[in-house]
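Chemist: Need coordinates for the following:
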Amino acid sequence: MRERALRIRVFAALALATGLPVARAAQEAAGAPAPESAPPGPIVYEGKVGAVYAPAGRVRLQVSRVRFPGVPDLTLADPKPALLLMGANGQQIGGIHVQDLKPGQGLSVSVTYAVDDPNAAGRPTSVRRIGVTQPPSDIPPAPANGSPKPADAWPSIVFPVLGRVSWSDTFGAPRDGGSRRPQGQDLMAPKMRPVLAAFDGEVWVSKSPGSNSVGLSGHDGWSATYLHLKNDHPGTDDGQGSADYAIAPGLSNGDWVAAGQMLGWVGDSGNAENTAPHLHFELHNSSGAINAAQTLRHARRLPAPLLPRVLPDARPGRGEVRLDGFIRVVDPGRRALQLDLRSVTDSRGRTRVVTFPERRWVRASTSVSPALLGEEGIPVEISALAAGMAVTAIGASSGAGTVSARLLRVDIQSFRADPPLAQAIMDYAVQLAGPADANAPASANQPGR
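Modeler: Have a look, this model is predicted:
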């Protein structure tokens, strides 16, 4: 019974790690059923960077060790190749930017395969965490709470609200008869004014009918909180608006954003329902809340939200349009995607940043298949796509506004083991499965100790 449980766990990990038909053949040879869910924990690939192509967020790895949940490590004397797509949508995972990676650098990639059907052909896998084995150590300490510091000791930020705002230093000012003293600044602006990331960092999102907010955590010890985001339908104060009018499209917990990227919209949710709309902005470090007034006075003002440079050379032709956005609805029967737009580029190359919720449909003919950005040679089925994935589409627009795509690229963070690595994993799994597959070829790879 124990051997069979181990065999099932190994082949569940194998099928998820490779996505190749050989995985199913190995399962059948070992007498293990197809996995119904991901193994209990991530699979970790360790090795060195082989090559980096920054414009597409593409990183080639030479993997020397694979760590499976509940199974001894696989150590490879002869490293095997794999492909990591960090994505052009930010090109960062966990604060590590693709441009920071150099050939020969040690790298650890932790992959969680959270998919409905691990065996679905063409379904992209998702990277949840990446770690560099030798991270930089030149991060300056954060200033202490309440101590006067020179201007260059405070974090350099992008002003968190786009456009004109009115504000004064109200840090710690008494509210509700002195019963509370908010530890932030109130930046007064109209509803639906875009809210921007003040610095690079990881976001957390809180959405509810009564209150919407976003948190931002940087890699240098600073964090920020954005309160009172919109919770109304546009043009109303009904308090019944969905997160579509509060949080920027495609934004979810754990995402890494760049300074200036749009996070959401100004509103009056939470305990601000009876006040004028504004963003309550708080800045924190390890000492607690910091008065952000000085930092805001020196903040950079942007004319528009930051757009990642995705496929900069992919331009629409005459009569075409380019749409960049996030999948909202997938309709496999019509081979169609509804996108929440981030930007629209016309045939003259003029790009309009979308700062108010806007949606368009994109259809792909049977001769056009989506492909992963950075790995265009491998198509992805429409049915394998999901809400929240970033997409770039180029094609002609019909009278109804639907775009008939001639190019469709899906920009996600993903990981794929190349066939030599997949084969090594399969051999190792068969080896661990033992007598159940006596005819399996012997593997030169030995379990890690």
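Chemist: Buried residues, stretch 314-327. List them.
Modeler: 316, 320-327 (16 or more other CB atoms under 10 Å). C-beta coordinates here come from the backbone N, C-alpha and C atoms, glycine included.
Chemist: Pipe these into CSV and attach secondary structure, pLDDT and distance to Val195 per row.
Modeler: Formatted as CSV, the buried residues of stretch 314-327 follow (DSSP: H, G, I helix; E, B strand; the rest coil; pLDDT from 0 to 100; distance: CB to CB, whole Å):
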residue, secondary structure, pLDDT, distance to Val195
Pro316, coil, 94, 29
Glu320, strand, 95, 32
Val321, strand, 96, 27
Arg322, strand, 96, 25
Leu323, strand, 96, 23
Asp324, strand, 94, 20
Gly325, strand, 93, 18
Phe326, strand, 92, 17
Ile327, strand, 92, 23
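Chemist: what's the pLDDT at the closest residue to Pro155 other than its chain neighbours?
Modeler: Excluding its sequence neighbours, the residue lying closest to Pro155 (CB to CB, 6 or more residues apart in numbering) is Trp222, at 5.0 Å. Note for Trp222: predicted pLDDT of 89.
Chemist: and what of Ala144?
Modeler: With respect to pLDDT, Ala144 scores 39.
Chemist: Direction included, what does the strand or helix carrying Arg328 pair against?
Modeler: In this structure, Arg328 is located in strand 320-331 according to DSSP states H and E. If you go by DSSP bridges, strand 320-331 pairs up with strand 336-345 (antiparallel), strand 390-397 (antiparallel).
Chemist: Out of these, flag the one nearest Ala292.
Modeler: strand 336-345 (27.3 Å; CB to CB).
Chemist: quick revisit: wait, the residue nearest to Pro155 sits on His284?
Modeler: Yes: using CB atoms under 8 Å, Trp222 is in contact with His284, at 7.1 Å.
Chemist: can you tell me how far Val329 sits from Gly250?
Modeler: Separation of Val329 from Gly250 (CB to CB, to the nearest Å) stands at 14 Å.
Chemist: out of these two, which sits in the more crowded spot?
Modeler: Shown here are Val329 and Gly250; by other CB atoms under 10 Å, Gly250 has more neighbours (20 against 12).
Chemist: contacting residues for Ser206?
Modeler: Taking CB atoms under 8 Å, 6 or more residues apart in numbering, we find Ser206 in contact with 212-215.
Chemist: in the stretch 201-350 of the chain, which segments are predicted with low confidence?
Modeler: Residues of the stretch 201-350 of the chain meeting the criterion pLDDT under 70: 219.
Chemist: How about the stretch 51-200 of the chain?
Modeler: Filtered on pLDDT under 70, the stretch 51-200 of the chain yields the residue ranges 55-56, 87-95, 112-154, 174, 176-180.
Chemist: Show me the strands in it, by range?
Modeler: Residue ranges of the strands in the stretch 51-200 of the chain, as given by DSSP state E, counting those that start in this stretch, are 58-68, 71-85, 92-93, 96-97, 106-112, 126-132, 185-188, 194-196.
Chemist: If you count contacts, what does the helix or strand harbouring Ala224 end up packed against?
Modeler: Element membership of Ala224 [criterion: DSSP H and E] is strand 223-227. When contacts are defined as 3 or more CB pairs under 8 Å, 6 or more residues apart in numbering; DSSP states H and E, strand 223-227 sits against strand 212-217, strand 278-285.
Chemist: want to throw those into CSV with distance to Leu85 and mean neighbour count?
Modeler: Formatted as CSV, the helices and strands packed on strand 223-227 follow (distance: least, CB to CB, whole Å; neighbours: other CB atoms under 10 Å):
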stretch, distance to Leu85, mean neighbour count
strand 212-217, 24, 22
strand 278-285, 33, 23
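Chemist: mind listing the helices for the stretch 101-250 of the chain?
Modeler: Applying DSSP state H, counting those that start in this stretch to the stretch 101-250 of the chain gives no helices.
Chemist: What are the buried residues along stretch 69-87?
Modeler: 71, 74-76, 79-87.
Chemist: Pick the one among those residues closest to Val44.
Modeler: Nearest to Val44 among the buried residues of stretch 69-87, with distances taken as CB to CB, is Leu74, at 10.7 Å.
Chemist: you'd agree the closest one is up against Ile425?
Modeler: Yes: using CB under 8 Å, Leu74 is in contact with Ile425, at 6.6 Å.
Chemist: what sits in contact with each of those two?
Modeler: Shared contacts of Leu74 and Ile425, defined by CB under 8 Å, 6+ apart, comprise Val66.
Chemist: Could you pull up phi and psi at Asp427?
Modeler: Asp427 adopts backbone torsions of phi -60, psi -40, taken as degrees, to the nearest 10.
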